[in-house]
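have a look at this prediction, sequence included:
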Amino acid sequence: MRRYLARRVVAFAATLFVVSILVFVVIRVLPGDPALLIMGTEASPEAAAALRRAMGLDRPLPVQYAEWVRGALRGDLGRSIQYDVPVGSLILSRLRVTLPLTLLATLFMTATALPLGIFAATHHRRLGDYLAMVASQLGIAIPSFWAGLLLILFFAVRLGWVEAGGFPGWEAGLGAALRALLLPAVALGLIQAAILTRTTRSAVLEVIHAEHVRTARAKGLGERVVTWKHVLRNALITIVTIAGLQFGQLMAGSIVLENVFYLPGLGRLALSAISARDLPVVQGVVLFVAATIITLNFAVDVIYGFLDPRIRYD
Amino acid sequence: MASSLWVGRRFEYSVRQIYCLVHAEAPVMSRFRSAPVLVLILALATLPVASPAQPPAPAAALMVQVTSEPPGLDLTATPASATAAVVFYNVQEALVKVDQHGTLVPWLAERWHTADNLNYTFFLKRGVRFHNGRPFTAEDVKYVLDRARNPETKHPHVKHYEDIATIHVKDEHTVTVTLKQPNAMFLYNLARQGSVMYPREAVEQLRSQPVGTGPFTLARWDRGDRIVLKRYPDYHGKGLPRLDQVTFRFIPDPNAALAALQAGDIDVLAFGLGPESIEVVRRAPNLQLILGETTNDVILALNNAKKPYADVRVRRAITYAVNKDEIVKGAMFGFGRILGTNVDPLNPYFVDMAKAMAYSPEKAKQLLAEAGYPHGFDAVLRVPPQYPYTVRTGEVIVGQLAKVGIRAKLEQIEWGQWLDRVYKNADYDLTIIGHAEAWDAGNYANPKYYFRYDSPRFQEVFKESERTLDDAKRRALYGELQKIMVEEAPVVWLYVYPRIVAAKKGVQGIWKDLPTPSLDLSEVAWVK
């Protein structure tokens, strides 16, 4: 187990290093000059050039990269061009929206997908199974931004139960903040819930017909014990893998929904920073998200090792 | 790009369907009743939701949508209109103001005097205080103008102040500005957003905490979400402002903005409402629509330095090939005034040239044949989808150009790329964009501008118009400029983008026309 963990940690660091270089290069290859975007179409070229110099964008790329990495290692991701505040604090303030949103969506996803998937598998080829599959097919087919708009128009515009978007901040109270996140979390979790339902169903189905389950039944164990202890524990390996990957998907998906619901989250920060060519922010956010996803994969790998002892030895 | 286009289409389509669903009369509703989507909605409707318990907002508060977040709040560093919408006239003001009719009126200078059009003496309004409590004086005027004309400070428009020779403070409330040569735009330039007055001690904080003399002070800027302004109790305007608090919320998506207005979350939808939504607002009993003019001239720009657009016959042919009526009907739902030149109807020297080169595909074909392109040519039309009207206008134009043999391909490029490739490097054949700045004929006198239009005749007349102070003579020169524009057809002027504002009924005092990029809220109030 220790060697397995060590290998994972090295892979983790190497991936992060590669990502940091990729982020840096890709953003700078992209046409689009941050100074021009701030100055717009009305300013003189001299003013734009002066601003570029002030932002340090006239220095050679390797120098800029080295400085960025040196700062990042000390926890300093630079200062936003557009907002004039440190990138680190900007990311943290946006996480206060995106993290709860992603967690709520994950909650919604697992709370609907696991029971539904298990139910479908245990009612294989019966009416319940078909209904669950139709529902999940629908969930996969509806794009999340569309689901978001439907929810807004029904619950905000028509019924007036919630606001059409925006975030009052946690200062406004837990109730108000959660209410603002509820619709986006549902819209965000819908597709992933549908996918996870299908994964759960097929994972459970695969195990249900396995030898050891037949043995358990033959021993005279109750149906509930068989399902929860013998079927689910084995099916969980697949389910955890997929769900772990889905958390990353949810974070990425929040970009779309934060725009539909104009929530001040990390996704919207990334998008506005890209269109404003706010380089320090783009670099910081991408590095942060990449690190999160790599960490998640790392965590999934470790959980794997615990769930299935065979894996740590390959 | 193709996939993003698809998403956009899909998005528009879905939204239209949803509007049918929500607003709709019975027959449409019954069509949807069978849809499984509705089953899903109803299923979700049973989820428990806490009832809204928002704290009651203060009576004189206004929630305003703006499309984009300012890239910084310093008007002396960024000319972005998103900055002007929030800061200009609301937080900071200038010596002179452009009012809602486009007229220059005295403001922080209550009057001025010039005997020779070189020495301007400004008499400042008494009792004006900056938000930090300090009185506004002539020393501040000198400091601000000296800083603006100093190239070291990176002011985006040093050019506007380059004719200033000296600034002399006579006393606390009197200041004389001496020019090197007469400049007809001098007073107007003092009314521009880059000429706002601020205290010397606040220079470093202008980017995130601007200080001025305006009716509101900046209370909060929640990055990515909102800017909150509070009433300035010591404001020099009597009885103003009429609101206690103004909140600008950044909602870029027009559909999200409309939904927020319909749900009652915002009171004013100030920018970005597309002409396609005008009917929805008109039908809503609790909303009002404000339609007016802007100085935003939407043009089909041609790269004058590139073949075949360097040939005036080709440029004229393209102008004849474009049917502007059809564009306004097809892409703008009939809203938008047809343009003949870059001088817009809000300009006092405007001459209506809309009919000067009326649509004529025959003339276009004939001119193309004369120029050596009897079978037309291939072209790429680059449009930035950030402004949806450019894409829709482009789609109509591509079809029109095809009728005279010009095979144009529509290519969507993101705004940052547009600025870099089209605007900065003139790497394009054709492009569509709106030019929002008022008094911008000077762009056509600048051969380095992205049109790459280099006409000594135009440059000369323009220069003369800048030096001519006599109104009648200047009007004649502007008439001449507009004539040259039509003849040399450096670009195709399409239409003036309309001002479309939707607001709750009861909101009063919003400007109808938009002669400056400001969103002046000093006189806006709630009327029951």
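That came through, no problem.

show me which positions of stretch B:414-433 end up buried.
When neighbours are counted by 16 or more other C-beta atoms under 10 Å in any protein chain shown, the buried residues of stretch B:414-433 are found to be B:414-424, B:426, B:428-433. From N, CA and C alone the C-beta is placed, and that goes for glycine too.

right, is stretch A:119-139 up against chain B?
Yes. With C-beta under 8 Å from any C-beta of the partner chain as the measure, stretch A:119-139 is seen reaching chain B through A:134, A:138.

ok, now how distant is residue B:70 from residue B:518?
As judged by C-beta to C-beta, to the nearest Å, residue B:70 and residue B:518 stand 13 Å apart.

I misspoke; the intended subject was residue A:179.
With distances defined as C-beta to C-beta, the gap from residue A:179 to residue B:518 amounts to 35 Å.

and for residue A:10?
Taking C-beta to C-beta as the measure, residue A:10 and residue B:518 are separated by 57 Å.

more neighbours, the two?
residue B:518 (22 against 10; other C-beta atoms under 10 Å in any protein chain shown).

mind listing what's buried in stretch B:277-292?
Neighbour counts over stretch B:277-292 (16+ other C-beta under 10 Å) mark B:277-278, B:280-281, B:284, B:287-290, B:292 as buried.

could you work out the end-to-end span of that stretch for me?
The separation between the terminal residues of stretch B:277-292, taken as C-alpha to C-alpha, to the nearest Å, is 16 Å.

cool, stretch B:240-260 as well?
Its start and end residues considered, stretch B:240-260 measures 28 Å (C-alpha to C-alpha).

how about that stretch and chain A, touching?
Yes. Shown here: stretch B:240-260 in contact with chain A (C-beta under 8 Å from any C-beta) through B:249-253, B:255-256, B:259-260.

of those, which belong to strands?
Using DSSP state E, the members of these that fall within strands are B:249-250.

give the next helix or strand downstream of the host helix or strand of residue A:112.
Under DSSP states H and E, the secondary-structure element containing residue A:112 is helix A:87-122. Stepping forward along the backbone from helix A:87-122, the first helix or strand reached (DSSP H and E) is helix A:127-141.

SS state for the residue in chain A that chain B sits nearest to?
Using C-beta to the nearest C-beta, the point where chain A gets nearest to chain B is residue A:32, with a distance of 2.9 Å. With DSSP: H, G, I helix; E, B strand; the rest coil as the basis, the three-state label of residue A:32 is coil.

right, and it touches residue B:413 too?
No. Taking contacts as C-beta atoms under 8 Å, residue A:32 lies outside contact range of residue B:413: 9.9 Å.

partners of the residue nearest to residue B:385 when sequence neighbours are not counted in the sheet?
Excluding its sequence neighbours, the residue lying closest to residue B:385 (C-beta to C-beta, 6 or more residues apart in numbering or on different chains) is residue B:412, at 4.8 Å. In this structure, residue B:412 has the following beta-bridge partners (DSSP bridges): residue B:383.

check residue B:412 and give its pLDDT.
Residue B:412 is assigned 95 on the pLDDT scale.

please apply the same query to the one 10 residues further on.
pLDDT recorded at residue B:422 is 93.

three-state assignment of the closest residue to it other than its chain neighbours?
Taking C-beta to C-beta, 6+ apart, and ignoring the residues beside it in sequence, residue B:422 has residue B:428 as its nearest neighbour in space, at 4.6 Å. Using three-state DSSP, the three-state assignment for residue B:428 comes out as coil.

go ahead and confirm residue B:428 touches residue B:421.
Yes. Shown here, residue B:428 and residue B:421 form a contact pair, counting by C-beta under 8 Å, at 6.8 Å.

give the residues shared as contacts by those two.
Common neighbours of residue B:428 and residue B:421, using C-beta atoms under 8 Å, 6 or more residues apart in numbering or on different chains, are residue B:382.

buried stuff in stretch B:319-332?
For stretch B:319-332, a neighbour-count test (16+ other C-beta under 10 Å) marks B:319-324, B:327-328, B:330-332 as buried.

stretch A:299-311 now?
Using 16+ other C-beta under 10 Å as the burial criterion, the residues of stretch A:299-311 that qualify are A:300-301, A:304-305.

can I get these in a markdown table with pLDDT and secondary structure?
Shown next, in a markdown table, are those (pLDDT from 0 to 100; DSSP: H, G, I helix; E, B strand; the rest coil):
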| residue | pLDDT | secondary structure |
| --- | --- | --- |
| A:300 | 77 | helix |
| A:301 | 77 | helix |
| A:304 | 74 | helix |
| A:305 | 74 | helix |
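
among those, which are in reach of chain B?
Checking the buried residues of stretch A:299-311 against chain B (C-beta under 8 Å from any C-beta), there are no matches.

out of those residues, which comes closest to residue B:359?
Here the nearest of the buried residues of stretch A:299-311 to residue B:359, counting by C-beta to C-beta, is residue A:300; it sits at 63.6 Å.

can you tell me the centre-most residue of chain A?
With distances taken as C-alpha atoms, centre = their mean, residue A:251 lies nearest the centre of chain A, 1.9 Å away.

would you say residue B:493 is within a strand?
Yes. Checked against three-state DSSP, residue B:493 lies within a strand.

how about the CA coordinates for the helix or strand hosting residue A:70, as PDB?
Using DSSP H and E, residue A:70 maps to helix A:61-73. Below are the C-alpha coordinates for helix A:61-73, written out as PDB (Å, rounded to 0.1, in the frame of the first residue of the first chain):
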ATOM      1  CA  LEU A  61       7.700  34.100 -21.600                       C
ATOM      2  CA  PRO A  62      10.100  31.900 -19.500                       C
ATOM      3  CA  VAL A  63      10.700  34.800 -17.200                       C
ATOM      4  CA  GLN A  64       7.000  35.400 -16.700                       C
ATOM      5  CA  TYR A  65       6.500  31.700 -16.200                       C
ATOM      6  CA  ALA A  66       9.300  31.400 -13.600                       C
ATOM      7  CA  GLU A  67       7.900  34.300 -11.700                       C
ATOM      8  CA  TRP A  68       4.400  32.900 -11.700                       C
ATOM      9  CA  VAL A  69       5.500  29.500 -10.400                       C
ATOM     10  CA  ARG A  70       7.700  31.100  -7.800                       C
ATOM     11  CA  GLY A  71       4.800  33.100  -6.600                       C
ATOM     12  CA  ALA A  72       2.400  30.200  -6.800                       C
ATOM     13  CA  LEU A  73       4.700  28.000  -4.600                       C
END
